[in-house]
Every structure is written in structure tokens, then in C-alpha cells.
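**Q** The sequence and its predicted three-dimensional model are supplied below.
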Amino acid sequence: MKPAIELKNVRKEIGRKTIIDNVSLAMYPGEVFGLLGPNGAGKTTTIRMMVGLMRTTDGSITISGNDLYKNFEEAVSRVGAVVENPEMYDYLTGYENLVHYQRMLKGVTKERIKEVVELVGLSRRMHEKTGTYSLGMRQRLGLAQALLHKPELLILDEPTNGLDPAGIREIRAYLRKLAHEEGICVVVSSHLLSEMEKMCDRIAVIQEGKIIQVAQVSDFVRQSEDLWYIEAEPKAEAAELLHSLLNVKPEEYKEGFHITVKKEKVPDLLKGLINENVAVYQIREADKNTLEEQFLSLTGGEKK
Ligand SMILES: Nc1ncnc2c1ncn2[C@@H]1O[C@H](COP(=O)(O)OP(=O)(O)OP(=O)(O)O)[C@@H](O)[C@H]1O
């Protein structure tokens, strides 16, 4: 299948700083793809480049096979996006804002406006001035605006920001429906793993401008099943022993380490430590409710 959007060796330098470092990613029709990383990791910068708001320093971006720079009009005509705060006029109603926007688009009917307003659940409030809208309602209106021209690719920076839990559930269900039933490629960013886990089919973990891992959410979850947290003393000896017993350097986390090991191997591992007079104070499976702990181990430590 042809990617809806593909980034190849994308780099972005601002001043002398490399903000995005050699990012290659392909995202496909029919999937919800998540860009996950802590604050400052480079999500917004990547998204700004993907929607043509910012130029890459190096590398290429193609949208349904169209080079974003060589074939700009064709490429961006397939994209709907909400990046940062969607622009709208506070003295106009939600509906008037959409009509204003619709006039700039080719072939979008008033019927379509009604359709998207219903889709995002704004029907009841669409004749109120947007100045009175909550952040969540503004998000919905932004989403409606992005969907007006029936894009093949929908790109949303932190789409659930400012929404209450019910609003988050609704938007999540709606984005999944757009991808799975309408074949749209939906790209979202977030720093919240628990949210991405529920919303996405695949996620890419980004930190300090680099992609650390790309995986199906189900693989992430499976991988986290073998993830354990262990505390043992003396710490330096414990680290060395764990390294030689597991053939992988354990990842320091809080007072102890994260290790990846199958459950049935845990007793032998503990024997190995105890035989060498290392005192084990705690061993437990890493938190399964969210992928937070695994995420931290992947990105090398707690978020500052
Ligand atoms: N115009 C700029 N000039 C200098 N540095 C910048 C500029 N824009 C972004 N950066 C830096 O690039 C890095 C990535 O920023 P970016 O906004 O893409 O991160 P992010 O993952 O979206 O984080 P957040 O969720 O906090 O917005 C940060 O260290 C930021 O300070």
C-alpha cells in the first residue's frame, strides 16, 4: 500500500541546533498513527514540516506520492490539520467561522458544513460566538474545519488537549472511525502514553528529535509484559551481574533498574543474584495499565 505520508531522512536545524535528526517514517491510509514523546522532543516541529508550515533542512516529505515542495498545492490539498491553536474569529459563531473557511475551499458545500459539525458534536452550539467556546469546543471546531474538504490525511497536534474525559473518549472514537471506516490516515501527537495506547494503531516514540522506536500498539503492550522493575544492592554489582546474566545492560530507573526477562526465567535470575551476595529488595512487573514505565525506559529516564 502506498503511504499517505512518508518522511525520508528529514532533518531540521534551527540556528545551529539540530531539532529533528534524520527522521524516516511512513504512515498509511486506514491507520491512526501516534507521534509520542515528552515535551520538547520535536513533535510539533515534525508536524509543522509535515503540513508545510515549516521547511525541512534536509530530506524529503511526500504526501500520497507528491513531493511536498515540488508539488506543494497537490500535496497539501490532501491534508487536513490542526496545529497549535486553530485560527478562528471570536466575534463570529462557529458556523460563520466554518462558512468563512469554506469560501476559500473549492467544492465544499453548506451541506458538508452541517455534516462535519454533527460529526464533531457541535450542532447544539454552532450558532454561538466562538469567543464563548471552551478549549474543548475550539478543538472540535478546529477539527470540523480540518475535515471540511474531506482530506485523505488528517494531522492533529495534541488533539485531546483541554478536553474532559468524556470529550477525549468521543474524539478518540471518532478519529478511529475516520481511519478504520473511511480509510483516512490520522496522525496525532501526544506526550501521554496512556492516551496513545487507546487511540492509535501504531506509535513512533520520539525523543530529542530522533525516532527511538516504531511499533504496533499491541507489540508495545506485549513487550511491556516482559518488563520488570528490580531493586538490589550494592547497585553497581547488581548492574554488572544483571548485565552478564541477561546479556543486556539493565536500564537504570528510580532506585533500581528496568530489565526485560520472561516470567519463567525470573527465579533463576534471582538465584544468580543471591548466589553472588547481591541483596534483592524488590522485583515486580512494570506497570501494565499504561506504557509509561516502558516508555521511560525506552527514552532513558524520567521526564524532567
Ligand atoms: N523556532 C525555534 N527556535 C529554536 N528552537 C526551537 C524552535 N522551535 C522549536 N525549538 C526547539 O526544538 C525542540 C523541539 O520542539 P517541539 O515544539 O517540536 O517539541 P514538542 O515535542 O512538540 O514539545 P511540546 O509538546 O512541548 O510542544 C525544543 O527543544 C524547542 O525548544
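**A** That came through fine.
**Q** report the longest helix in the chain, please.
**A** helix 165-182 (DSSP state H).
**Q** For that one, name the packing helices and strands.
**A** Counting contacts by 3 or more CB pairs under 8 Å, 6 or more residues apart in numbering; DSSP states H and E, helix 165-182 packs against strand 32-36, helix 135-147, strand 153-156, strand 185-190, helix 193-199. In this view, the C-beta of every residue, glycine as well, is placed from N, C-alpha and C.
**Q** between these, which one is nearest to Ile168?
**A** helix 193-199 (7.1 Å; CB to CB).
**Q** C-terminal to that closest one, what's the next element?
**A** Per DSSP states H and E, the first helix or strand lying C-terminal to helix 193-199 is strand 202-207.
**Q** what pairs with the helix or strand following that next one, and is each one parallel or antiparallel?
**A** Downstream of strand 202-207, the first helix or strand assigned by DSSP H and E is strand 210-216. Here strand 210-216 is paired, per DSSP bridges, with strand 202-207 (antiparallel).
**Q** do the strand it pairs with and the ligand meet at all?
**A** No: Strand 202-207 stays clear of the ligand (CB under 6 Å from any ligand atom), getting no nearer than 7.0 Å.
**Q** Check stretch 38-53 too.
**A** Yes: Stretch 38-53 reaches the ligand (CB under 6 Å from any ligand atom) through 39-45.
**Q** Let me see the mean pLDDT of the longest helix of the chain.
**A** Mean per-residue pLDDT for helix 165-182: 90.
**Q** Now it - C-alpha only, PDB.
**A** Provided in PDB are the C-alpha atoms of helix 165-182 (Å, rounded to 0.1, in the frame of the first residue of the first chain):
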ATOM      1  CA  PRO A 165     -12.500  12.600  29.800                       C
ATOM      2  CA  ALA A 166     -15.900  12.200  28.000                       C
ATOM      3  CA  GLY A 167     -14.700  14.600  25.300                       C
ATOM      4  CA  ILE A 168     -11.400  12.600  25.000                       C
ATOM      5  CA  ARG A 169     -13.400   9.300  24.600                       C
ATOM      6  CA  GLU A 170     -15.600  10.900  21.900                       C
ATOM      7  CA  ILE A 171     -12.800  12.300  19.800                       C
ATOM      8  CA  ARG A 172     -10.800   9.100  20.200                       C
ATOM      9  CA  ALA A 173     -13.700   7.000  18.900                       C
ATOM     10  CA  TYR A 174     -14.300   9.500  16.100                       C
ATOM     11  CA  LEU A 175     -10.700   9.500  14.900                       C
ATOM     12  CA  ARG A 176     -10.600   5.700  15.000                       C
ATOM     13  CA  LYS A 177     -13.800   5.600  12.900                       C
ATOM     14  CA  LEU A 178     -12.400   8.000  10.400                       C
ATOM     15  CA  ALA A 179      -9.300   5.800  10.000                       C
ATOM     16  CA  HIS A 180     -10.900   2.400  10.100                       C
ATOM     17  CA  GLU A 181     -14.200   3.100   8.300                       C
ATOM     18  CA  GLU A 182     -13.300   5.900   5.900                       C
END
